[in-house]
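> Quick one: sequence plus predicted model below, questions after.
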4 protein chains.
Amino acid sequence: MKFFSDNAARACPEVLDAVVAANDVTDGSYDGDSISARLDGVFGEFFGTECTVFPVSTGTAANALALASMVPPWGAVICHEEAHIQVDEAGAPEFFTAGAKLILARGEGAVLSPDSVAQAVAALRGDVHQVQAGALSITQATEYGRVYAPAQVAALSEDARARGWRVHMDGARLANALVHMDCHPGDVTWRAGVDVLSFGCIKNGGMSAEALVFFDKDLARSIPHRRKRAGQTPSKGRFAAAQLIAMIESGAWQRNARAANDSAQALARAAGDRLMHPVEANEVFVRVGVEGAARLREQGFDFYDWGDAGSGEARLVMAWDSDPAHVKALAAALEALG
Amino acid sequence: MKFFSDNAARACPEVLDAVVAANDVTDGSYDGDSISARLDGVFGEFFGTECTVFPVSTGTAANALALASMVPPWGAVICHEEAHIQVDEAGAPEFFTAGAKLILARGEGAVLSPDSVAQAVAALRGDVHQVQAGALSITQATEYGRVYAPAQVAALSEDARARGWRVHMDGARLANALVHMDCHPGDVTWRAGVDVLSFGCIKNGGMSAEALVFFDKDLARSIPHRRKRAGQTPSKGRFAAAQLIAMIESGAWQRNARAANDSAQALARAAGDRLMHPVEANEVFVRVGVEGAARLREQGFDFYDWGDAGSGEARLVMAWDSDPAHVKALAAALEALG
Amino acid sequence: MKFFSDNAARACPEVLDAVVAANDVTDGSYDGDSISARLDGVFGEFFGTECTVFPVSTGTAANALALASMVPPWGAVICHEEAHIQVDEAGAPEFFTAGAKLILARGEGAVLSPDSVAQAVAALRGDVHQVQAGALSITQATEYGRVYAPAQVAALSEDARARGWRVHMDGARLANALVHMDCHPGDVTWRAGVDVLSFGCIKNGGMSAEALVFFDKDLARSIPHRRKRAGQTPSKGRFAAAQLIAMIESGAWQRNARAANDSAQALARAAGDRLMHPVEANEVFVRVGVEGAARLREQGFDFYDWGDAGSGEARLVMAWDSDPAHVKALAAALEALG
Amino acid sequence: MKFFSDNAARACPEVLDAVVAANDVTDGSYDGDSISARLDGVFGEFFGTECTVFPVSTGTAANALALASMVPPWGAVICHEEAHIQVDEAGAPEFFTAGAKLILARGEGAVLSPDSVAQAVAALRGDVHQVQAGALSITQATEYGRVYAPAQVAALSEDARARGWRVHMDGARLANALVHMDCHPGDVTWRAGVDVLSFGCIKNGGMSAEALVFFDKDLARSIPHRRKRAGQTPSKGRFAAAQLIAMIESGAWQRNARAANDSAQALARAAGDRLMHPVEANEVFVRVGVEGAARLREQGFDFYDWGDAGSGEARLVMAWDSDPAHVKALAAALEALG
């Protein structure tokens, strides 16, 4: 019974069917087909504003392309010290930006605030001897499954704009955050000042495509070149576009995220005061203890240990298709830990 | 009736079925699933030697990663002046290698020879003021649909080795070349001195994955890092692996390529002495004339003009699923040109 | 008696004295000293227009920074196939531009024309699958010691502008060209459409600084960052600035170049019809023959063989301080070749 | 009376004389002259082991080239969060390494320990999703003027080696540290496990050249190419080599550093308990207070405020040629602060 990651899960039927259906649409290659042509409109309607959408094959590529569009090689992006772009993308931001730096900020639950951002850049004097801060990147929901409310995003964006920065949102789990907040997708993105968004689909029942969404047309201008140059412009683009469109139009984005979130809530309740962070998306961080972790594994539950070695912390991730029976069993096992 | 490209075509049923079947295999994420685990073995058997295989989302990424594994940033790769990596990859080689140069060689039909390679590097003195040549890249079949016989590849590889270079083969249409020559896949690749191969699947009935195949384990060592860093490590890797395995194991690679090659031969016969290059794969270059091109388009045939503006040259590309009726009609139309 | 290069020569007294004098000017570090503060004004007066000047330690750095200011990483610079930036800078352009390509054009004596430029870019369609041409780089005087007249530069610049490109001039030997043409420095640079100029000083009696001169303030904006990031912002900047200012203000730029040019003319006359290219600067290309080369070397003359091995071609370079007696002796030896 | 930096100071007579004397040595260009030929031997004798030495024009270039020789683009270098390479080199490390990351460690006075290094890399799992740590970089003397004893360097190096890392020392102020410790130069560098050293000369009475010193020949192998490609291979290389050789052979490295250190000690005594860090080189950090800073400035003393705005902290830097009278006056003024 695996709770490692939302990456091993299946693709949901809506997405798989869309891929199969796209096969017979042979009216164009690269982005020239009729399915790809619908992308901007579909996302535009979803978010409530004009969007420029680019399918890419991974969230890492989406993030790195986004950052590259916002800062020059001598620039810097401010992000949380545990942000995925800093910790788990093998230096993709540095690769795509041709060497921009990530300046690390702090915050409980990987949540940033204008204060923590200010602290992170306090040492920057703005002169030519240093990199030039040019963008803020926040993860929604965060790496600890926390969610920024629209007002929080707006405060960060406003602060960023005052500094002359652009704003990127790594929305690998944005769908989970939207479901949690039950708000309009635009409220916590462009209306709250976000310029570019990596809209996560794969973790939420997708298959092999993520959406890189620009709310700012100017920022998007270099992307066709950067994307092609990065080997991220698929020649049979319709297969990627179809996945993204299906995720949105069928409402699967919401159903899938809701299912994962609900499973997470069940575990949150079971974890009781062993819970390390509020559960606002589909990840649950529990202090199970070293022995507790061993016991859970003996019972057949798989998950990642978290934090420092021997911390006894565990990260449990719910997928859109996590088996309710397994979730129930794990909840019981967590309660049984005492 | 489109003959633009083999990129708009459908994915063949073997590949599509494999993708659907892969959905329920949830035993791992990234490359950790049981389907991905079979890749090296399947390709190893196909080529007749140990292989290290990495699925990537485009041929551009495959080529660029291959080149990056072979030369340092101050290095250079020798290729034909009309090689796809030079002309149509938007600088991906320069991006992935962190600035290595492509040194251009010549040859009719985009075919290289040890002589043309020698000419290309004649100006390199080997001192520190210049880039250091470190690899040769050939395209099989070439950008003009020509095929290198095993002895030709061997001669080029031997010459490259004597110079201390590695050898890369851009096999976007390797399947078509193999069918044309009816030889063992190993004969024109590793046995002929090729170190790294971009094995094209998408153009040959694939969907969204290409195979980057290393015959040299050492060369492959940096690829897991480079690939992840380039956003080319899909989290649900089984969907890509399944496509590549299906292409090989089902024999679709051969059937599809044969179909495309046969269509091309039909057009070659019809083109008569308007044919500009021998047809040895699935591309046909015909001097239709400016008026002839207009007439063909009036009749509903779509294709790319080739060469300089007003040259009256056309490139016709056959796909694995080109409609035989359309091919027949085009053949007739070509003959009718006189 | 060495005629290899103008790089082994001495620094002229005006430059050396300026370096010594600069030692006691301790009113600032980096570019903040009073000597550096004069740079823009001195060059502005010299060229007859507002200039933004950056001292760098090599011509390679000047060229690479110039190119980086003009094209994005997915861009391309058109230059002659034997341009110094293509052949002898070890890939510095690709390094500083983060991977832009050099597209090679042809021309006798390494001289470009609008026609040869057009031919070089004929294969560029302007779509996203290809690099985006964005600049033209010409060398004045060329790598074969040829000189572009103002009208020639203007024609190339006009053509470049019509294409939306910027124009760079590699003026490693600009001083020699100016002396040959006896024209105002502005006439063959900014007035003729040049945006950025690498103004060569080291080969012309300088010591350790070259001037990167921008005639376009906007283009210069990223340079302080790029320069610092490249380790090209000296902390005791006054020593570099002093050299450049002395070269200009003392008139040494002209005297030195005239001396070298005159020596070259003497050899040109002596070479008779063995001369391979008109001599318009300080380099002389002579077909001495393989035996002739050996004989000259026996007599103690040192020089580089040119062209393909066994071509019997030689490149003789005059420095500002080439010993007149040596020059006379070499002239006699050339005549004696018959 | 300026105490901003050791960068505005004069070049010492030994160095200036060497530059003047080098002018007439015209036996080679680039590194081919007889002065440059002596570099390895001179530094080899100085350090007591075989060295490979490359002159470069700035400490930034020396550091960045060093790092590039040690880690691949997907690599990482561990350094202090206030290290010069992290804070004041405008992203040069990221540029030269093609995107490697700097992983930041902590420590009072910018001093690292095996513990703080361990903490910095605790989050690295060693898998392909992350950058691969490959080197440690320490600054000697540190950015706060603290000095690592040989045993401290050895402990860090041993720990680094156990991790499979290489070790770089940013010795911008190494001379000051050597004088403070009165130890053999080899004791705190190669004998203590350092692989590559940026040996600072400019701040210590030099003019326009720093020495990049490799104690490991293999690591040095890529540097000729990287250096040329970065525009850091001067064509009249002897002028740079002469400065470095003079600094060592004349003993100026020691005299100059001693003078600066002594001045710093005088201020340290005067600062009393306002002193923020032990003074072990030529920098003095004093809590002068906001009003105290204003008073000092009114008296004509110039220096940088340090730390956060309004902290009242000051950084005073002594140069090799700081006027003893000025130092005395500042000491008195510091005491007068009370």
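Right, received. Where do you want to start?

> all contacts plus neighbour counts: C-alpha atoms, from now on.
Fine.

> The closest residue to A:Ala11 other than its chain neighbours: what's it in contact with?
Nearest residue to A:Ala11, sequence neighbours excluded (CA to CA, 6 or more residues apart in numbering or on different chains): A:Gly205, at 4.5 Å. By CA atoms under 8 Å, 6 or more residues apart in numbering or on different chains, the contact set of A:Gly205 is A:Ala9, A:Arg10, A:Ala11, A:Cys12, A:Val15, A:Ala252, A:Trp253, A:Asn256, A:Ala319, A:Trp320, A:Asp321.

> Are there helices or strands packed against the longest helix anywhere in chain A, and which ones?
Assignment by DSSP state H gives helix A:252-271 as the longest helix of chain A. Counting contacts by 3 or more CA pairs under 8 Å, 6 or more residues apart in numbering or on different chains; DSSP states H and E, helix A:252-271 is packed against helix A:174-181, strand A:283-287, helix A:324-336.

> quick one: secondary structure of A:Ala135?
strand (DSSP: H, G, I helix; E, B strand; the rest coil).

> Low-confidence regions, chain A specifically.
Judged against pLDDT under 70, chain A has no low-scoring part.

> just to revisit the earlier point, just the ones in strands from the contacts of A:Gly205, please.
Using DSSP state E, no member of those falls within strands.

> just curious, which of these is nearest to chain D?
Set against chain D, the nearest of the contacts of A:Gly205 by CA to the nearest CA is A:Ala9 (19.1 Å).

> quick one, what contacts that closest one?
A:Lys203, A:Gly205, A:Ala319, A:Trp320, A:Asp321, A:Ser322, B:Thr26, B:Lys236.

> Thought A:Ser5 was touching the last one, still the case?
Which is B:Lys236. No - look at B:Lys236 against A:Ser5 with CA atoms under 8 Å: they stay out of range, at 10.9 Å.

> higher neighbour count, the two?
B:Lys236 (30 against 19; other CA atoms under 10 Å in any protein chain shown).

> Could you pull up phi and psi at the more buried one?
phi -100, psi 70 (degrees, to the nearest 10).

> and it, what does it touch?
B:Lys236 touches A:Asn7, A:Ala8, A:Ala9, A:Ile202, A:Met207, A:Ser208, B:Ser29, B:Tyr30, B:Asp31, counting by CA under 8 Å, 6+ apart.

> Out of the residues you listed, which sit inside strands?
Per DSSP E, the contacts of B:Lys236 never map to strands.

> out of those residues, which are buried?
A:Asn7, A:Ala8, A:Ala9, A:Ile202, A:Met207, A:Ser208, B:Ser29, B:Asp31 (16 or more other CA atoms under 10 Å in any protein chain shown).

> Got the phi and psi for the residue nearest the centre of chain A?
Centroid-nearest residue in chain A, with CA atoms, centre = their mean: A:Ala172, separated by 1.6 Å. With angles defined as degrees, to the nearest 10, A:Ala172 sits at phi -50, psi -40.

> Alongside chain B, which residues does the stretch 101-250 of chain A contribute?
A:202, A:207-208, A:225, A:228-236, A:239 (CA under 8 Å from any CA of the partner chain).

> okay if I get those residues as a markdown table plus distance to C:Gln299 and secondary structure?
What follows is these, written out as a markdown table (distance: CA to CA, whole Å; DSSP: H, G, I helix; E, B strand; the rest coil):
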| residue | distance to C:Gln299 | secondary structure |
| --- | --- | --- |
| A:Ile202 | 76 | helix |
| A:Met207 | 76 | coil |
| A:Ser208 | 72 | coil |
| A:His225 | 58 | helix |
| A:Lys228 | 58 | helix |
| A:Arg229 | 55 | helix |
| A:Ala230 | 57 | coil |
| A:Gly231 | 58 | coil |
| A:Gln232 | 62 | coil |
| A:Thr233 | 63 | coil |
| A:Pro234 | 65 | coil |
| A:Ser235 | 65 | coil |
| A:Lys236 | 68 | coil |
| A:Phe239 | 73 | helix |
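
> Make JSON lines out of the residues you listed and add distance to C:Phe95.
Putting those into JSON lines (distance: CA to CA, whole Å) gives the following:
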{"residue": "A:Ile202", "distance to C:Phe95": "35"}
{"residue": "A:Met207", "distance to C:Phe95": "37"}
{"residue": "A:Ser208", "distance to C:Phe95": "33"}
{"residue": "A:His225", "distance to C:Phe95": "19"}
{"residue": "A:Lys228", "distance to C:Phe95": "20"}
{"residue": "A:Arg229", "distance to C:Phe95": "16"}
{"residue": "A:Ala230", "distance to C:Phe95": "17"}
{"residue": "A:Gly231", "distance to C:Phe95": "20"}
{"residue": "A:Gln232", "distance to C:Phe95": "22"}
{"residue": "A:Thr233", "distance to C:Phe95": "24"}
{"residue": "A:Pro234", "distance to C:Phe95": "27"}
{"residue": "A:Ser235", "distance to C:Phe95": "29"}
{"residue": "A:Lys236", "distance to C:Phe95": "32"}
{"residue": "A:Phe239", "distance to C:Phe95": "36"}
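
> all strands of chain A, in order?
A:52-56, A:75-80, A:101-105, A:132-139, A:166-171, A:196-199, A:210-214, A:283-287, A:304-306, A:313-317.

> Just checking the longest one against chain C, any contact.
Spelled out, that is strand A:132-139. No - on the criterion CA under 8 Å from any CA, strand A:132-139 is out of touch with chain C, staying 8.7 Å away.

> Run a quick neighbour tally on A:Asp17.
Count around A:Asp17 with other CA under 10 Å applied: 15.

> Give me every residue in the stretch 1-150 of chain A lying close to chain D.
Contact residues (CA under 8 Å from any CA) of the stretch 1-150 of chain A with chain D: A:73-74, A:87-91, A:94-95, A:98-101, A:122-123, A:128-132.

> ok, the residue in the stretch 151-300 of chain A that chain C sits nearest to - contacts?
At 5.6 Å from chain C, A:His225 is the closest residue in the stretch 151-300 of chain A, using CA to the nearest CA. Shown in contact with A:His225 (CA under 8 Å, 6+ apart): B:Ala90, C:Trp74, C:Val128, C:His129, C:Val131.

> same thing but at 10 Å, please
With contact taken as CA atoms under 10 Å, 6 or more residues apart in numbering or on different chains, A:His225 is in contact with A:232-233, B:89-92, C:73-75, C:127-132.

> Can you list which of those residues are found in helices?
Going by DSSP H, the helices hold B:Ala92 from those.

> Of the contacts of A:His225, which is the nearest to C:Met181?
C:Gly75 (33.5 Å; CA to CA).

> tally of neighbours for the closest one?
23.

> and what of A:Gly251?
12.

> and the gap between it and A:Leu174?
14 Å (CA to CA, to the nearest Å).

> again with A:Met247
13 Å.

> if we can go back for a sec, filter the residues of the stretch 1-150 of chain A next to chain D to the buried ones?
A:73-74, A:87-91, A:94-95, A:98-101, A:128-132.

> Quick check: residues of chain A near chain C?
A:72-75, A:96-99, A:127-132, A:222-229, A:233 (CA under 10 Å from any CA of the partner chain).

> picking that back up, overlap in contacts of B:Lys236 and A:Ser5?
Common contacts of B:Lys236 and A:Ser5 (CA under 10 Å, 6+ apart): A:Lys203, B:Gly28, B:Ser29.
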